[in-house]
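S.K.: Okay, here's the prediction I keep looking at, along with the sequence it came from:
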Amino acid sequence: MVVISIIAGYLALMNLIGFAMMGIDKHKAVKKLWRIPEYTFFVIALIGGSVGTIIGMRVFHHKTRHWYFVYGLPLILILQAALVFCIANSPLQFSIM
(Lines give C-alpha, C1' and ligand atoms only; values in the text may rest on other atoms or scores of the structure.)
Protein backbone atom coordinates (compact mmCIF):
# COMPACT_ATOMS: atom_id res chain seq x y z
CA MET A 1 0.00 0.00 0.00
CA VAL A 2 2.85 2.38 0.82
CA VAL A 3 4.53 1.60 -2.50
CA ILE A 4 1.37 2.49 -4.41
CA SER A 5 1.17 5.80 -2.54
CA ILE A 6 4.78 6.60 -3.40
CA ILE A 7 4.25 5.74 -7.07
CA ALA A 8 1.04 7.80 -7.21
CA GLY A 9 2.79 10.77 -5.59
CA TYR A 10 5.70 10.48 -7.99
CA LEU A 11 3.41 10.37 -11.03
CA ALA A 12 1.37 13.31 -9.76
CA LEU A 13 4.56 15.34 -9.30
CA MET A 14 5.93 14.45 -12.76
CA ASN A 15 2.62 15.35 -14.41
CA LEU A 16 2.43 18.64 -12.55
CA ILE A 17 5.98 19.42 -13.67
CA GLY A 18 5.14 18.55 -17.29
CA PHE A 19 2.03 20.74 -17.21
CA ALA A 20 3.87 23.65 -15.60
CA MET A 21 6.77 23.39 -18.04
CA MET A 22 4.39 23.80 -20.98
CA GLY A 23 2.91 26.93 -19.40
CA ILE A 24 6.29 28.38 -18.52
CA ASP A 25 7.70 27.72 -21.99
CA LYS A 26 4.62 29.26 -23.63
CA HIS A 27 5.05 32.38 -21.48
CA LYS A 28 8.74 32.56 -22.41
CA ALA A 29 7.90 32.12 -26.11
CA VAL A 30 5.47 35.05 -26.02
CA LYS A 31 8.03 37.22 -24.22
CA LYS A 32 10.85 36.04 -26.54
CA LEU A 33 12.94 34.83 -23.60
CA TRP A 34 15.22 31.81 -23.18
CA ARG A 35 13.21 28.62 -23.82
CA ILE A 36 13.09 25.16 -22.34
CA PRO A 37 14.79 22.67 -24.71
CA GLU A 38 12.32 20.40 -26.52
CA TYR A 39 14.04 17.20 -25.43
CA THR A 40 13.31 18.17 -21.81
CA PHE A 41 9.56 17.80 -22.47
CA PHE A 42 10.14 14.31 -23.84
CA VAL A 43 12.32 13.32 -20.88
CA ILE A 44 9.63 14.45 -18.43
CA ALA A 45 7.00 12.56 -20.46
CA LEU A 46 9.14 9.41 -20.54
CA ILE A 47 9.74 9.38 -16.78
CA GLY A 48 6.04 9.58 -15.98
CA GLY A 49 4.76 13.04 -16.88
CA SER A 50 3.16 12.28 -20.23
CA VAL A 51 -0.44 13.05 -19.20
CA GLY A 52 0.45 16.42 -17.66
CA THR A 53 2.60 17.36 -20.63
CA ILE A 54 -0.17 16.49 -23.10
CA ILE A 55 -2.77 18.40 -21.08
CA GLY A 56 -0.39 21.38 -20.83
CA MET A 57 0.16 21.27 -24.58
CA ARG A 58 -3.60 21.47 -25.16
CA VAL A 59 -4.41 24.01 -22.43
CA PHE A 60 -1.65 26.44 -23.37
CA HIS A 61 -1.86 25.71 -27.14
CA HIS A 62 1.88 25.19 -27.10
CA LYS A 63 3.90 22.91 -29.39
CA THR A 64 0.70 21.91 -31.21
CA ARG A 65 2.21 22.59 -34.65
CA HIS A 66 5.13 20.21 -34.13
CA TRP A 67 4.18 16.75 -35.39
CA TYR A 68 6.66 15.08 -33.06
CA PHE A 69 4.80 16.56 -30.07
CA VAL A 70 1.30 15.97 -31.45
CA TYR A 71 2.05 12.30 -32.17
CA GLY A 72 5.08 11.61 -29.98
CA LEU A 73 3.62 12.49 -26.58
CA PRO A 74 0.44 10.40 -27.04
CA LEU A 75 2.61 7.54 -28.33
CA ILE A 76 4.69 7.69 -25.14
CA LEU A 77 1.47 7.60 -23.10
CA ILE A 78 0.16 4.59 -25.05
CA LEU A 79 3.44 2.73 -24.58
CA GLN A 80 3.42 3.50 -20.84
CA ALA A 81 -0.17 2.27 -20.53
CA ALA A 82 0.73 -0.91 -22.43
CA LEU A 83 3.71 -1.47 -20.13
CA VAL A 84 1.55 -1.07 -17.02
CA PHE A 85 -1.03 -3.45 -18.50
CA CYS A 86 1.63 -6.06 -19.29
CA ILE A 87 3.16 -5.82 -15.83
CA ALA A 88 -0.24 -6.00 -14.12
CA ASN A 89 -1.20 -9.11 -16.12
CA SER A 90 2.18 -10.78 -15.87
CA PRO A 91 2.21 -14.30 -14.44
CA LEU A 92 5.23 -13.32 -12.36
CA GLN A 93 4.63 -12.47 -8.75
CA PHE A 94 6.49 -9.56 -7.21
CA SER A 95 6.76 -9.01 -3.50
CA ILE A 96 8.48 -6.39 -1.41
CA MET A 97 9.29 -8.56 1.58
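M.R.: Structure's in. What do you need?
S.K.: Low-confidence bits of this protein, can you list those?
M.R.: Residues of the chain meeting the criterion pLDDT under 70: 94-97.
S.K.: longest helix of it?
M.R.: Of all the segments assigned as helix in the chain under DSSP state H, the longest by residue count is helix 2-30.
S.K.: buried sites along the helix or strand just after that one?
M.R.: Taking DSSP states H and E as the definition, the helix or strand that follows helix 2-30 towards the C-terminus is helix 38-44. Within helix 38-44, the residues scored as buried using 16 or more other C-beta atoms under 10 Å are 41, 42, 44. (Glycine included, C-beta is placed from N, CA and C.)
S.K.: closest to residue 1 among those?
M.R.: For the buried residues of helix 38-44, the residue nearest residue 1 by C-beta to C-beta is residue 44; the value is 27.1 Å.
S.K.: follow-up on the earlier one: in CSV: the buried residues of helix 38-44, plus distance to residue 73.
M.R.: Listed next are these as CSV, based on distance: C-beta to C-beta, whole Å:
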residue, distance to residue 73
41, 8
42, 8
44, 10
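S.K.: Could you report the distance from residue 34 to residue 82?
M.R.: As for residue 34, its distance to residue 82 is 36 Å (criterion: C-beta to C-beta, to the nearest Å).
S.K.: how near is residue 57 to residue 84?
M.R.: Counting by C-beta to C-beta, the gap from residue 57 to residue 84 is 22 Å.
S.K.: just residue 75 next, same as before
M.R.: 15 Å.
S.K.: ok, these two, which is more surrounded?
M.R.: Between residue 75 and residue 84, residue 75 has the larger neighbour count (other C-beta atoms under 10 Å), namely 13 against 10.
S.K.: which residues sit against the helix or strand containing that one?
M.R.: Per DSSP H and E, residue 75 falls inside helix 72-88. If you take C-beta atoms under 8 Å, 6 or more residues apart in numbering as the criterion, helix 72-88 is touched by 41, 42, 45, 46, 48, 50, 51, 53, 54, 57.
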